[in-house]
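>>> Show me how the following folds:
(chains A and B)
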Amino acid sequence: MLPERLSRGSVVALFAGLALLLLPFADLHVAGHDPWAAVGRMAQGVLRPDFAAIEQVGWSLVLTVAFAVAGVALGGTAGLALAPFYGNRIVRLTCVALRSVHELFWALLLMQALGIGALTGVLAIALPYAGIFAKVFAEQMEDADPRPSAVLPPGVDPLSRFLFARAPLMLPAMRTYSLYRVECGLRSSAVLGFVGLPTLGYQLETVFSEGDYGAASAILIIYVSLIATMRLWMRPHLVPLWVLLSGVVLTSLSSPPMGQGALLRFLTVDIVPAPLRNGEGLGAFLAWLWPLLTGQVIPGLAATLVVAQIALVLTGLVAVATSGLVVPSIAGRLGSLAGHLALVILRSIPEVMLAFVFLQILGPSMLPAVLALAIHNGAIIGHLLGREAEATGATLRRDAPRGLTLWAWELAPRLFGRFLALCLYRWEIILREAAVMGLLGVATLGFFVDGAVAELRLDRAVVLLVSAGVLTAGVDALSRALRRRIGADRARIQRDTSC
Amino acid sequence: MSQPILRAESLGYGTGVVLHSVSFALAPGERVVLLGRSGAGKTTFLNAVHDRLVAAGQRIALVPQDHVLVPQLSVLRNVLMGRLDDHGALANLASLIRPRRADRAEILAILAGLGLSPEADRAVEGLSGGQRQRTALARALFRGGEVLIADEPVSAVDATQAAQLLGLMRARFPSAVLALHDVDLARGFATRLIGLRGGRIAFDATPPRVSDAEVEALYAP
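Sure, this is the predicted structure:
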């Protein structure tokens, strides 16, 4: 279907054209009745952060860290156990399924079976992360230099061979990746508050609904500093301590008790399509499925795609605009410091949280979702490109130009391929997040999932989630095909950008 | 009495043949040095000899051209890896956590001879090229065995040290097959010189019987 080689320009044109075509179908109007007044009130809050309510915020901060650490630890352990068997088709498909469902959707489903307690939050992070960890660890095991093991004398037993000549070579990469995943976990954990778990997202929603923007600003400041300082407190030798403390904190969490056998009921009754559950036969099943497909799945997926495609193109624009800001030889020393700070803030705040804030200003339409996706993802790509531009800049000739000329003539041409690859990698992530935005009231797939769960029609929710997973998997495959055709298929990129 | 190792064989890697119809036998006590331009097939030759000797059940010590150390482990543990096949998995696990005192003493003695004592507990990834090369050599010296196979084992050290290191190898191993690019060092070390050119053996004789002109012809364009 696709030609063997594609020029980078044609790929850009393809995506830009598609986004333009979809623009008329996007609901981008400003629904808030006085957005500027809202911005003014929020700006005042930002300037006057109110740390008075810090006690409540402090506890949800502790819980945010605890859910993240416990979830990542559990997911990482499971991923490590699965990684050696990743070549097996059943293991691989299980992992694909686990990670194709977003943490928030997992949380929504798990709540029905386990209640709104610690286990739900931990598993909502651990399940998708296990699938991701298994894949990445398997790749890292494959990538480790095989030669030290090959030159060992033939009589060495397999365990010694692994411990001396394999494990030391893959451990550094695995440690770096796990640390990075903790950062992802902190974002996931905070966002879990939007579906009711007691983390920072929940606090943010509460103070916003009370119009207490000073407290909201305090929460965001605390949250960004938590993520920005993570490398200081998340030290390898402190990991056991953090895991232990998280366990203690989470077991102290009381939650409303669930009825006996709720999990079993969930697995064997609730998620089975109603007509099959009642034994009404295949005809009734199709009669049940058809309106679900036409009334929810297709509109939900279409809206998700519209949001994602427009957001992807905007992401590219944001990335291009911000990548130069962090390079001292372009923006100056002070300018690049400010640029770094801005990008750290924007990429620390998860898409869903940004979208929530924008929704308060702009009212419910696709606009807040598109903006949030573009800003967060653009900041991540801009940061990565800026880092590479700095590295590239160091190797340039001494008489290289400076400022905008340097960016346009020396850096942009060198980094264009990388930029495109990063955008294609984030395409799948943007799509996943676009689907989840529905939980905030945007008309994407999550909106219908939320509705189905609220009506306790979990069978419908599962059909919606499966369709989202299929769409994500399709986009992932297409993205890989495109990357190969523009000559940018390097697995490594994905690792440091996948959340 | 010499044991035939290669019998008119063609050697290569992948699908390409690098050496055509080479024969080789090694007598105990012989020190063979391969000469030839880069790409002449020295590494291919050494790898083939190594594999045959190992398959024949001999204890061989190997110094690969790119050292192939584990960068994250200390010099001492990398050297220790030369004898992993002498112990079971549990003993090896114990010495990964804490090397046995006797091993440590023996390795430190070897490292002292190589000028690496201060580096013993440093991770290999922090070492210079020359220090890595000597670590790979220490691993082979610690292993010991009937034959040493080494691919340019002194390429990253200066001439004086190179001569000293070759002396250590000579003292430790009854027989050796080496690739070297320094002809003077080769003449001083070898009991037998083999020249490779154009995918074939150009000469195979004791050093006095190989003329400088013959050696120069190997490197001529």
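>>> could you pull out the strands for chain A?
Here chain A has no strands by DSSP state E.
>>> low pLDDT regions in it?
Chain A contains residues with pLDDT under 70 at A:1, A:53, A:256-260, A:393-401, A:488-499.
>>> Quickly list the domain ranges of it.
By the assignment in automatic domain parsing, chain A contains the domains A:1-30+A:271-499, A:36-257.
>>> Spit out the contact partners of residue A:223.
Residues counted as contacts of residue A:223 (Cβ atoms under 8 Å, 6 or more residues apart in numbering or on different chains) are A:61, A:64, A:190, A:200, A:348, A:349. For the C-beta atoms, the positions are set from N, CA and C on the backbone; glycine is no exception.
>>> one more time with 7 Å, if that's ok
If you count contacts by Cβ atoms under 7 Å, 6 or more residues apart in numbering or on different chains, residue A:223 has them with A:190, A:200.
>>> again, but for residue A:124
Applying Cβ under 7 Å, 6+ apart, the residues near residue A:124 are A:103, A:106, A:107, A:110, A:192.
>>> how about the residues of the stretch 151-300 of chain A that lie near chain B?
By Cβ under 7 Å from any Cβ of the partner chain, the residues of the stretch 151-300 of chain A that approach chain B are A:151-157, A:159-160, A:163-165, A:168-169, A:171-172.
>>> Quick check on those: which are buried?
Neighbour counting with 16 or more other Cβ atoms under 10 Å in any protein chain shown marks A:151, A:152, A:153, A:156, A:157, A:160, A:163, A:164, A:165, A:168, A:169 as buried within these.
>>> isn't the second one right up against residue A:165?
Yes: counting by Cβ atoms under 7 Å, residue A:152 touches residue A:165, with 5.7 Å between them.
>>> List the beta-bridge partners for the spatially most central residue of chain B.
In chain B, the residue lying closest to the centroid (Cα atoms, centre = their mean) is residue B:150, at 1.2 Å. Beta-bridge partners for residue B:150, by DSSP bridges, are residue B:63, residue B:178.
>>> can you pull the pLDDT of it?
Model confidence at residue B:150, given as pLDDT, is 96.
>>> ok, it - contacts?
Applying Cβ under 7 Å, 6+ apart, the residues near residue B:150 are B:63, B:140, B:178.
>>> May I have stretch A:11-25 as CSV, with CA atoms only?
Output of stretch A:11-25 as CSV, limited to C-alpha atoms (Å, rounded to 0.1, in the frame of the first residue of the first chain):
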residue,chain,number,x,y,z
VAL,A,11,5.2,12.6,5.3
VAL,A,12,4.9,16.1,6.8
ALA,A,13,2.6,17.1,3.9
LEU,A,14,0.5,14.0,4.5
PHE,A,15,-0.1,14.7,8.2
ALA,A,16,-0.6,18.4,7.7
GLY,A,17,-3.1,17.8,4.9
LEU,A,18,-5.0,15.2,7.0
ALA,A,19,-5.2,17.6,9.9
LEU,A,20,-6.6,20.4,7.6
LEU,A,21,-9.2,18.0,6.2
LEU,A,22,-10.3,17.0,9.7
LEU,A,23,-10.5,20.6,10.9
PRO,A,24,-14.1,21.2,9.8
PHE,A,25,-15.2,18.2,11.8
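>>> sorry, back to before: what's the distance between the residue nearest to the centre of chain B and residue B:178?
Taking Cβ to Cβ, to the nearest Å as the measure, residue B:150 and residue B:178 are separated by 5 Å.
>>> where along chain B do the helices fall?
B:42-55, B:75-80, B:89-97, B:101-113, B:129-143, B:159-172, B:183-189, B:212-219 (DSSP state H).
>>> Of the ones you listed, give the one that comes closest to chain A.
helix B:89-97 (3.7 Å; Cβ to the nearest Cβ).
>>> isn't residue A:165 right next to residue A:153, touching?
No: with contact defined as Cβ under 7 Å, residue A:165 and residue A:153 do not form a contacting pair (11.2 Å).
>>> Contacts only, for the residue of chain A most remote from its centre.
In chain A, the greatest distance from the average C-alpha position (Cα atoms, centre = their mean) is reached by residue A:155, at 46.1 Å. Taking Cβ under 7 Å, 6+ apart, we find residue A:155 in contact with residue B:85.
>>> now residue A:379
So residue A:379 contacts A:318, A:322, A:343, A:346, A:347 (Cβ under 7 Å, 6+ apart).
>>> Smallest gap between the stretch 301-450 of chain A and chain B, at which residue?
Taking Cβ to the nearest Cβ, the stretch 301-450 of chain A has residue A:391 as its residue nearest chain B, at 20.0 Å.
>>> number of nearby residues for that residue?
Residues contacting residue A:391 under the criterion other Cβ atoms under 10 Å in any protein chain shown number 9.
>>> Flag every residue of chain B that's near chain A.
Of all the residues in chain B, those in contact range of chain A (Cβ under 7 Å from any Cβ) are B:54, B:62, B:64, B:68-70, B:72-73, B:81, B:84-85, B:88-89, B:92-93, B:96.
>>> Following the record's annotation, map out the domains of chain B.
Here the domain parsing of chain B from automatic domain parsing is B:1-59+B:145-221, B:70-143.
>>> For the longest one, what is the distance to the chain centroid?
In terms of Cα atoms, centre = their mean, to the nearest Å, the centre of domain B:1-59+B:145-221 is found 9 Å from the chain centre.
>>> Mind listing the strands the helix or strand of chain B with the lowest mean pLDDT pairs with, and their directions?
Taking mean pLDDT, DSSP states H and E as the measure, chain B has strand B:3-13 as its least confident helix or strand, at a mean of 81. The strands beside strand B:3-13 in its sheet (DSSP bridges) come out as strand B:16-26 (antiparallel).
>>> So which residues lie in contact with the strand it pairs with, not counting its own?
Strand B:16-26 has contacts (Cβ under 7 Å, 6+ apart) with B:2-12, B:32, B:41, B:44-45, B:49, B:175, B:177, B:199-201.
>>> quick one: buried residues of that strand?
Applying 16+ other Cβ under 10 Å to strand B:16-26 flags B:18, B:19, B:22, B:24, B:26 as buried.
>>> Repeat that for stretch B:159-167.
Buried-residue list, stretch B:159-167, by 16+ other Cβ under 10 Å: B:162, B:163, B:165, B:166.
>>> burial of the closest residue to the third one other than its chain neighbours, as a residue count?
Read it as residue B:165. In this structure, residue B:165 finds its nearest non-sequential neighbour in residue B:154, 5.3 Å apart by Cβ to Cβ, 6 or more residues apart in numbering or on different chains. Neighbour count for residue B:154, taken as other Cβ under 10 Å: 26.
>>> ok, residue B:154 touching residue B:162?
Yes: applying Cβ under 7 Å, one finds residue B:154 in contact with residue B:162, separated by 3.8 Å.
>>> Name the member of the contacts of residue A:124 with the shortest distance to chain B.
Each of the contacts of residue A:124 was checked against chain B using Cβ to the nearest Cβ; the closest is residue A:103, at 32.9 Å.
>>> ok, the closest one - contacts?
By Cβ under 7 Å, 6+ apart, the neighbours of residue A:103 are A:124, A:125, A:128, A:188, A:192.
>>> For chain B, give me the ranges with low pLDDT.
Scanning chain B with the threshold set as pLDDT under 70 gives B:1-2, B:14-15.
>>> And the residue of the stretch 1-150 of chain A closest to chain B?
When you check the stretch 1-150 of chain A against chain B by Cβ to the nearest Cβ, the closest residue turns out to be residue A:147, at 4.4 Å.
>>> ok, back up a step: how about the contacts of residue B:150 in TSV, adding distance to residue A:55 and neighbour count?
TSV is the format used below for the contacts of residue B:150 (distance: Cβ to Cβ, whole Å; neighbours: other Cβ atoms under 10 Å in any protein chain shown):
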residue	distance to residue A:55	neighbour count
B:63	65	25
B:140	65	24
B:178	73	24
